[in-house]
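Enquirer: Mind looking at a prediction? Sequence and model below.
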Amino acid sequence: MMRKIVLSLILACLYTLNISGQEKFKPEWNVGIGFGPTFSAVDFDPSVSTKNLNQFHGGVSVRYITENHLGVIAELNYIQQGWAESFKEQPEFSHSHQLNYIELPLLTHIYFGNKIRYFINLGPKIAYLISDSEKMNDAFADYLASGEVSATSPTYQYFRKAEKKLDYGLMAGMGLEFRTGIGNFSLEGRYSFGFGDIYNNRKSDYFNRSANRVISAKLTYYVKLF
């Protein structure tokens with residue numbers, strides 16, 4: 001049943017695109033600037049109990065709408081990622097690690113509507129780490145120095161900077177765009193699934209996996225070039 005529903009939706013979208021593609025269309029170039037919050041974590045194996053670290057991202061965008069309902073977007077962003085550790089049993093402890101990247105997403109842009117558009121963005125992204133920093137409170141620093149940490153607790157990530165600069169993965173987003181006489185305002189929610197690791201993952205290394213996960217929101221203001 002679910003397969004039939006999904007197939008019907010795909011066929012309906014293809015039909016809509018085919019009919020709209022027969023209409024006269026003029027390609028459109030846009031440039032934009034955007035910013036918003038990020039909620040990031042890292043997927044560790046062996047597991048580390050983490051929670052989302054709230055930070056921000058922002059940058060510039062170039063969008064080329066090639067035909068009705070279809071275009072491409074290239075962005076250059078500064079984005080803060082990383083993780084905060086979750087201490088449910090010791091709420092007096094605090095530890096976080098911030099990772100700052102220059103990010104380049106290349107996204108397929110699919111939209112429906114005219115003055116108000118519904119859209120989906122999907123594609124790969126690469127990022128390069130430019131700096132990272134670690135924060136912990138005195139209570140947690142004293143605990144680590146005490147020698148009372150369990151041998152089964154992961155500690156490799158403490159007092160250790162990221163070992164890999166390059167990050168890559170897939171990004172998907174959806175949202176609304178409002179097209180006005182003074183420009184276009186795009187509001188989007190995104191999820192970024194990292195394939196790269198921040199720490200080395202050879203057989204002799206501690207972590208098998210340490211990949212970024214980022215939920216973000218972005219408000220972008222676009223102006224039409226031609």
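Expert: Sure thing, it's come through. Computed from a prediction, not measured in an experiment: that's the story for all the values here.
Enquirer: check contacts around the nearest residue to Phe87 once chain neighbours are set aside.
Expert: Nearest non-adjacent residue to Phe87, counting by Cβ to Cβ, 6 or more residues apart in numbering: Phe93, 4.2 Å away. Backbone N, C-alpha and C define where each C-beta goes, glycine included. Contact partners of Phe93, counting by Cβ atoms under 8 Å, 6 or more residues apart in numbering, are 85, 87, 136-137, 139-140, 143.
Enquirer: Show me what secondary structure element comes after the longest strand along the chain.
Expert: In the chain, with assignment by DSSP state E, the single longest strand is strand 116-136. Next along the chain after strand 116-136, taking DSSP states H and E as the criterion, comes helix 138-146.
Enquirer: so what strands line up beside the very next helix or strand once past that next one?
Expert: Going down the chain from helix 138-146, the next helix or strand is strand 166-180, by DSSP H and E. Next to strand 166-180 in the sheet, as set by DSSP bridges, lie strand 116-136 (antiparallel), strand 183-194 (antiparallel).
Enquirer: low-scoring stretches of the chain, by residue?
Expert: For the chain, applying pLDDT under 70 flags the ranges 1-23.
Enquirer: isn't Asn52 right next to Ala41, touching?
Expert: Yes: contact criterion Cβ atoms under 8 Å: Asn52 and Ala41 qualify, at 5.3 Å.
Enquirer: do you know how far the nearest residue to Phe159 once chain neighbours are set aside is from Lys161?
Expert: Once flanking residues are discounted, Phe159 sits nearest to Glu134: 7.0 Å by Cβ to Cβ, 6+ apart. Glu134 sits at a distance of 8 Å from Lys161 (criterion: Cβ to Cβ, to the nearest Å).
Enquirer: Mind listing the strands the helix or strand harbouring Pro37 pairs with, and their directions?
Expert: Secondary structure from DSSP H and E places Pro37 in strand 28-45. With DSSP bridges as the test, strand 28-45 is paired with strand 53-67 (antiparallel), strand 209-224 (antiparallel).
Enquirer: so which of the ones you listed is the most packed in?
Expert: Compared across the strands paired with strand 28-45, strand 209-224 shows the largest average neighbour count, a mean of 20 (mean count of other Cβ atoms under 10 Å).
Enquirer: hang on, the earlier thing: wait, which of the strands paired with strand 28-45 is closest to Ser153?
Expert: In terms of Cβ to Cβ, the element of the strands paired with strand 28-45 nearest to Ser153 is strand 209-224, at 16.1 Å.
Enquirer: where's that closest one relative to the chain centroid, distance-wise?
Expert: Computed by Cα atoms, centre = their mean, to the nearest Å, the chain-centroid distance of strand 209-224 equals 5 Å.
Enquirer: With distance to Pro105 and mean neighbour count added, can I get the strands paired with strand 166-180 in a markdown table?
Expert: Output for the strands paired with strand 166-180, formatted as a markdown table (distance: least, Cβ to Cβ, whole Å; neighbours: other Cβ atoms under 10 Å):
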| stretch | distance to Pro105 | mean neighbour count |
| --- | --- | --- |
| strand 116-136 | 4 | 16 |
| strand 183-194 | 8 | 18 |
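Enquirer: Distance to Glu28 for those strands - can I get that in TSV?
Expert: What follows is the strands paired with strand 166-180, written out as TSV (distance: least, Cβ to Cβ, whole Å):
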stretch	distance to Glu28
strand 116-136	12
strand 183-194	10
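Enquirer: With respect to Val214, which of those strands lies nearest?
Expert: strand 183-194 (4.1 Å).
Enquirer: Pull out the C-alpha coordinates of that closest one and format them as CSV.
Expert: The C-alpha trace of strand 183-194 is given here as CSV (Å, rounded to 0.1, in the frame of the first residue of the first chain):
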residue,chain,number,x,y,z
GLY,A,183,13.4,40.6,-3.1
ASN,A,184,12.7,37.0,-2.1
PHE,A,185,12.7,35.7,1.5
SER,A,186,13.4,32.0,1.9
LEU,A,187,12.8,30.3,5.3
GLU,A,188,14.2,26.7,5.4
GLY,A,189,14.8,23.9,7.8
ARG,A,190,17.8,21.6,7.1
TYR,A,191,19.4,18.4,8.2
SER,A,192,23.0,17.5,7.4
PHE,A,193,24.3,13.9,7.6
GLY,A,194,28.0,13.7,7.8
